[in-house]
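Q: okay, sequence plus prediction incoming.
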Amino acid sequence: MDQLRKRAARKPAPEADTAASSGPNGRHSICMVSDFFYPNMGGVESHIYQLSQCLIEKGHKVVIATHAYGERKGVRYLTNGLKVYYLPLQVMYNQSTATTCFHSLPLLRCVFVREGITVVHAHSSFSAMAHDALFHAKTMGLNTVFTDHSLFGFADMSSVLTNKLLTVSLCDTNHIVCVSYTSKENTVLRATLNPEIVSVIPNAVDPTDFTPDPSQRQGDRITIVVISRLVYRKGIDLLGGIIPELCLKHPDLHFLIGGEGPKRIVLEEVREKYQLHDRVRLLGALEHRDVRGVLVQGHIFLNTSLTEAFCMAIVEGASCGLQVVSTRVGGIPEVLPEDLISLCEPNVRSLCAGLESVIAGLRSGAYPSPTAIHARVRHLYTWRNVAERTEKVYDRVAGEEVLPLDRRLLRLREHCGPVAGSIFAFLAVVNFLFLLLLQWLFPDQVMDMAVDASGPRGLWGPPKRDTMSAEEAAAPATKAE
Amino acid sequence: MVLRVFFPQCCNRADSGLLVGRWLPGHDTAVVLAVIHYPFIPSHVKQYLQQIQGQSQVEVGVLGSWSMPSEKQEGLDRFLQDLSTIFPQKRWLQVSRQIGKTGFSCRLLQQPDKEGEEKEEEVEEKERIIFVHYEQRKVMLSQLHPVESPTEPGLENPSEIRQVFWTVAHSKPLFLRDKYDEGPLKLSHWQSEGREASILVELMKQSSTPLCLLVTWLLGAWTWLTNTWLLKLSPVRLVSSKLSSCVQLGYRAAHLKTVSSIQTATSHTEFMRKANILMSVLLDVCLGLLFMFWLYREDRLAWLAQSLLPAADRVSKELEELLQWLMGAPAGLKMNRALDQVLGRFFLYHIHLWISYLRLLSPFLEVILWYGGLSAALGLTFALSLLSDMLALLTFHIYCFYVYGARLYCMKLYGLCSLWRLFRGRKWNVLRQRVDSCCYDLDQLFIGTLLFTILLFLLPTTALYYLVFTMLRLVVVVVQGALHLSVDLINSFPLFALGLRVFTPYRLAEGVKFRVLSDEPGTALHLMMEMNALGLGEVVQTYRTPTYSCYPRDSWIALLRKLVVVCWTGTRTRRTRDAGLLDPAGDAMGSQGSPVKRYDYLLKFLLVGDSDVGKGEILDSLQDGAAESPYAYSSGIDFKTTTILLDGRRVKLELWDTSGQGRFCTIFRSYSRGAQGILLVYDITNRWSFDGIDRWIREIDEHAPGVPRILVGNRLHLAFKRQVPTEQARAYAEKNGMTFFEVSPLCNFNVIESFTELSRIVLMRHGMEKFWKPNRVFTLQDLCCRAIVSCTPVHLIDKLPLPVAIKSHLKSFSMANGMNAVMMHGRSYSLANGPAGAKGNSLKRSKSIRPPQSPPQNCSRSNCKIS
Amino acid sequence: MGPDSAPGPAAPWRKVLWERQSFPDNYVDERFLGELRRNDGVRQYRYWAVVKEAGVVGQQLSCVAIFIALWLYMEQGLLSPEALLWTSLTVGLLGYALYAALRPRLGSNGEPRTPLADLQTAAIFLSFTFGFSPVLKTLTESVSTDTVYAMSALMLLAHLVSFPYAHPSPTGSLSLNAALFASVCLASRLPGALHTFAMLSCALLMFALWPCLLQSIRDNAPGPSAWLCAGVCLGGVGGLGSRWPGGAALLALALLSVTLLCPLLLVKLQRHKDNIQGPWDEAEIHEDLCHIPY
Amino acid sequence: MDGERYTDVNGKAIALDQRRHASFCTEFTVSSPKVSIGKVMVYTCSVWLLAYAVFFLTDNTAVLSSAIIITLIGMMLYIHLVKVDHESLLVIGSLGVQLSSSYASGRESTSFIEMSKIKDIVINEAVHMHQIIYYLCILLRDPADPSAVSSVVPLFQSSKPKLNCLVKVYKSCQEIISKC
């Protein structure tokens, strides 16, 4: 046991000096781990992608590990040589992998070692793979950062369980990033964390993608745009209540609804019941590049979510110069200044009132021009800013020392309560033994280091081609050697 | 650039002379075919090459010179260089061998075509030339795989190796010339020994022709026989298609036809196919004769005949015992006594029936067997298939049992499925393809539960019967399948190809492989090209003759599915429906003209009306209506799809037939959800059905408010006993803001028209024009149609001298305009959403409905007057 | 470790994301978790109200007990099917009269059923039951008795579990079906077809119609309904006790625990309730979106 | 043949032999260590001893004979189908690439790919079992459109060399291909 402990104590050393070697110029090599990534589309995915791109610009080395999506498995390269490992892990429930705490260790270890990772950055508390990665990274003695994108309640049984799991998996994570203050409070409560190690770094939108274009609007009508997945959490039932009331009051009101989901039925029923077929258009699922084209057709952007950590949709809407009406839930009040958004309570009456007032304002021309709104919003949230702040987090994390096994076990015990704590301490020990076995079977020095392709300092010189597939990518990489 | 010279091995030691061959187009590759030894007269060489080119479409030419070291060396090189002026070439090879060196040395002279001073430039480093030695005979005879078209593999695929093979294979005439005959020229190349063998082959070819003719004539007679009217009768045809021996017969006939065709096989595949078939037929017949030889000695036939009947008796006795066992408490299973008795008796009766048949058959059995045995002369396969047929006939009762059991079991299962849903208070929603919860009435629940309990307790009995008989059936089927498999094997086994592969591996080449011969510095690189023989598995895969039994009757998987899945057909259809039915972007807007769909809009219509007003007739009258089976029994719903032309747009309609009984109003509720239009059907010869319309309208206003609807009076062809006057019906329709039609599916009158109008109303209401009008450029055809329609009443269109397609197109247009007219004078639409709809919208929409072009009245009148 | 070193700036910290503030990202304000709320909207229960509500559970439990008791009587031949039929008929008529008497006052839910429809339904019931009773009689004869008992016990349990206690009418499909299934199983063990018929009609009365009546009584006269429940409970205990004392004792225990003990626990444990609300909670939709006024 | 030692992805030593027949024709041979007699002996003996023990306990000779036969057949199949002694890659400029692998039993399997079909030879990265390895592969040109890749032919599949070895092979392949 003691020589195990010795190994454990010795383990962080090489990581540390690699960190030191890359310390002075502050170049980290980061591995973003999450179940959710391209081709799957959503907030988390775009967050990971954009953040990695900006970090690569700043000269860090970034690789992304996610699970295989159908035909998309193995190693792919995206823009600027951003390397993505699509690892063959079993997908269990809506794109989240099944976890046994162990089976993902060999592959993740392979990635971490051959890429010389110094910081592991896991995303989205829904992703089992992210939690596994945190667990394994701690076993391998790496520093970890976790970004939480979602809010949870405390009411029901399931949330109690998930919160316990989160407590365990975040208990020795070095730093946690939340997207809004509300989300920070929530996470701190859920995982019983020390609020000092929780940073708030909002999401961002690419303002160049969402520029206003008033010419697309039709003058003879007022169009309300709703773009969200049609699910309960997005408050589609509220929308179904709002549509008929407003449509009956304002004959020139049109709805433009983008998105797909189980609640589509509700909207269709409303449309059939009140014969609004030509005033309420359901566009179905939208590609991300089409979103702007839909947004600019509208005057008002409506968001009826029942819970949101950080609503990127309203920022996009505002960035396209729309007048935003939203429910006052979660982190939404923090997102936009009061004059750009009008907040309502999450019920039909209040939302209708808010929309009424905004419509009146539009008729009277009380609101600033779309371009003005865009000009204000465009500087609020930029990925560069996000990257800088995240970089600070990395710098801070890289310095910290990783708990050796024994202290880690103690920490687990005292932090997660006697029962869960000891269970997971046991798991951690097993995991550590498994790691030793792997290191004996395939020693680290046998694995050959991956050629670093990313960024300006990568081996390909200035990046030119977009989304090159792995074959073409690897060829120049080795040519340059 | 690197120069490849393909050099035949047999010319290694030839004495010096001219290299004859061909430059491959597109590659700098030279294929040397032969060496012409001097002394020769250039003119002879040229004309010789001419005639070679004439015989084989290969542009053979002089490539260069070949010098073999020997005595009287002097002046040779000089002379060889002069040759290059005699035979003007762009590139001139000078290949020579030195004594003591294995490798060749080569010089390449480039010379411009223009008559200037001959600029000669020597290839500086010798390594730029590769000599690829090949064995002329093998290359000539071998066939590269995958096989391609026999034409020259030139531009379409630049594969070099293929071109080399083609060149060598096609310059046969050059090789057929004998080296030793008295010609002006002496060549050295590969040439076949053993002329006599080839002569024998020729003789056989000559003699085979009349044989082929004979066989062809016989076949012709056979085909005539099969095509006589007697065999054309449907039962005969059906039976013969079911009897595997007949199928085998036809199959063999087709084989013989291919073999005995006189024209020689041109392509390689054709040749191989013929040879394989021939071999397999021969093998088959040989086996068959052996079989007969075995069969007809020490009267095995009689013994068979005697042993057959007792065997059948034994089988049936076994079955009886089995049934008795089932009728008791089999394996301690508790089964419902009464049902058990009934079923057992039923099956026992079958067995008795069967035995009596066999008894009738018994005296003739031996004769039948004797004649059946003769059939082995046609080949073992035939005998085998005959055997399987006899087996099928002898085990017919088992088949019957199986079918009964399966059907019974299926019905039970269906009932249980739907009743289980009712038990949980759910119901299957057809439109959404999912299980919804709904509150049933008290009596529905009560009766449903009673039935459910009963069925549940009766299930094990039927399940057991089903299981046992499925097992029996499975045994029979496995035996048959084994027989069919063996027949298949004999039919499709590529014997000839395998023989080729085994004895002369180079004939079927998968590719080539190279061996480095000598790499002594200073000389060019020498490679040896060898054939890569095709793998045995590949051979079988490539040359396996396709057989009739590829269709599912004999494929094991299909068979197992048939056995097991019989009871799940219902669920299968439902799943297929999933794929077929309304696409997730379910509404008509979602399904706007994506090019892959064969329709522009997908609309869902409901036919409602009291029972037996002939909704079913209307649906059946749609010739192209693809019927879908009801999703489960007790739903009383099924739907057909048809596609109509509307203003030049293809509109796909799903017509749902709600069964008329009022009990199903719950189901009706769930259907009316997705429905975009409703046809209210009544029977003009039935007063009640017309009065029932009131109730239906109330239902609709309650469950599906504002959905456009039209009134349809059915069975116009029975107008002589009509009870509902047209005027009254029309007045009623006007009052309720519907358009009115009287249709007759029997004489196919106004049916499509009514659908067309309804879909037009619906599309209008969905504001479809906004979607298609702007981005639509009128084709010339559309403009013409508009022109014609505007001056032609609809009933005259049929008389126009036009092709049918255009007529239907015209009709669709005229219907379009006509409909607008009807809608205008009958203000149908603006009132259609009367009570439930919001007035403001409807009024304003009624304005927007007005069609842009004002249609001529006459055609609309004609529409309504006809009815 | 403290927050990243940043001198306390002049401008106060605001909980907004859209303006860059001179605070470090992991700055923790004293207003942190300010909007955390505990236990708001927790309603305090009063003991007797809970007991009254729990009474419905008890009476359903004892309804089952009564049914079982009747079945026991029938099986041991102490009760003739004719007697049962007549009694159930009279009870049914009385109940219907009461129901009809109560109906106009409750009114207002959908269109009132005409007596004709009721008659039709009743006819359907009786005819089907009568027609099927011979079949049902032979249904389970080959199935061993304990299997039938187990099945029916299971089904009765399912009935009790899935019974909509808040609104007994209309009875939930699953609960009613389970009860009917169990009664069919039990009835099929009875000696004669007429027994089966009587048993089934009695089951119908008890499981299908009684809840409707109870519901209407509760809506109209809350006071009597409580006593009604108590009476039913007593009847159940007594009826079962007359044939099967042990079962009666168990039932009594169950009733006591359900009606008195559980409410006591509920009220006692209220104090330890601690749930956290905050802005992160998922807002729930209160108003009924099915029919929006217009 | 240079002094540099190469290993495969599992750290076993392999030998890379490069023979230049001409400036545009090079042959690489990666030979993995021969099947060691000692190991085979150990395995077979262990199996046979086990079988003998069983035979000793339950004295029916079927166990023994079957064990012997199975081991023999297994060994045969192993050396004939599984164990690859050396794989060689013959690159002939402007003519094509020939891959051949010779099994321990002496069986050779060869295939030749013409230059016109080859789009490029590259080093690729792949997930293999539960590790991520580099491997060399030939991209075949799609006859339909020359810019696309129809399929990929991996090289040195049985003996998986490490990156440095691959790079060596890759470079000389590239120079030959680029020259012609």
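A: Ah, there it is.
Q: what residue in the stretch 51-200 of chain A comes nearest to chain B?
A: As assessed by CB to the nearest CB, chain B sits closest to residue A:94 within the stretch 51-200 of chain A, at 16.8 Å. The C-beta positions use only the backbone N, C-alpha and C, and glycine is treated the same way.
Q: how would you label whichever residue of chain C sits closest to chain D: helix, strand or coil?
A: With CB to the nearest CB as the measure, residue C:25 is the residue of chain C nearest to chain D, at 34.4 Å. On the three-state scheme (DSSP: H, G, I helix; E, B strand; the rest coil), residue C:25 is labelled coil.
Q: residue D:16 now?
A: Taking three-state DSSP as the rule, one finds residue D:16 in the strand state.
Q: low-confidence ranges in the chain?
A: Since no chain was named, I'll use chain A. A:1-25, A:453-481 (pLDDT under 70).
Q: that answer is for a different chain, and I need it for chain C
A: Using pLDDT under 70, chain C drops low at C:1-10, C:104-113, C:169-170, C:287-294.
Q: list the contacts of the residue nearest in space to the middle of it.
A: Geometric centre of chain C, nearest residue: residue C:165, 2.5 Å, by CA atoms, centre = their mean. Neighbour list for residue C:165: C:56, C:57, C:60 [criterion: CB atoms under 8 Å, 6 or more residues apart in numbering or on different chains].
Q: related to what we said a few turns ago, which SSE is the nearest residue to the residue of chain C closest to chain D once chain neighbours are set aside in?
A: In space, and not counting its chain neighbours, residue C:25 is closest to residue A:199: 3.8 Å by CB to CB, 6 or more residues apart in numbering or on different chains. Here residue A:199 sits within strand A:198-200, counting by DSSP states H and E.
Q: so what are the sheet partners of that strand and their directions?
A: Here strand A:198-200 is paired, per DSSP bridges, with strand A:175-178 (parallel).
Q: distance between the strand it pairs with and the chain's centre?
A: Taking CA atoms, centre = their mean, to the nearest Å, one finds strand A:175-178 lying 12 Å from the centre of the chain it belongs to.
Q: get me the contact residues on chain A for chain B.
A: Within chain A, the positions near chain B by CB under 8 Å from any CB of the partner chain are A:248, A:251, A:260, A:264-265, A:268-269, A:271-278, A:281-282, A:284.
Q: counting only strands, which of these make the cut?
A: A:281, A:282 (DSSP state E).
Q: quick revisit: any idea which of the contacts of residue C:165 has the most stuff around it?
A: The residue in these with the most neighbours, by other CB atoms under 10 Å in any protein chain shown, is residue C:60 (25 neighbours).
Q: what strand or helix carries residue B:63?
A: strand B:61-67.
Q: now do the helices in the stretch 1-150 of chain C.
A: Here the stretch 1-150 of chain C has its helices, by DSSP state H, counting those that start in this stretch, at C:47-75, C:81-106, C:115-139, C:145-161.
Q: pull out the buried positions in the third one.
A: Yep, that's helix C:115-139 we're talking about. Residues of helix C:115-139 classed as buried by neighbour count (16 or more other CB atoms under 10 Å in any protein chain shown): C:121, C:122, C:124, C:125, C:128, C:129, C:132, C:133, C:135, C:136, C:137, C:139.
Q: helices or strands next to it in the packing?
A: Judged by 3 or more CB pairs under 8 Å, 6 or more residues apart in numbering or on different chains; DSSP states H and E, helix C:115-139 is in contact with helix B:442-492, helix C:173-187, helix C:193-203.
Q: just say which of those helices is most tucked in.
A: helix C:173-187 (a mean of 26; mean count of other CB atoms under 10 Å in any protein chain shown).
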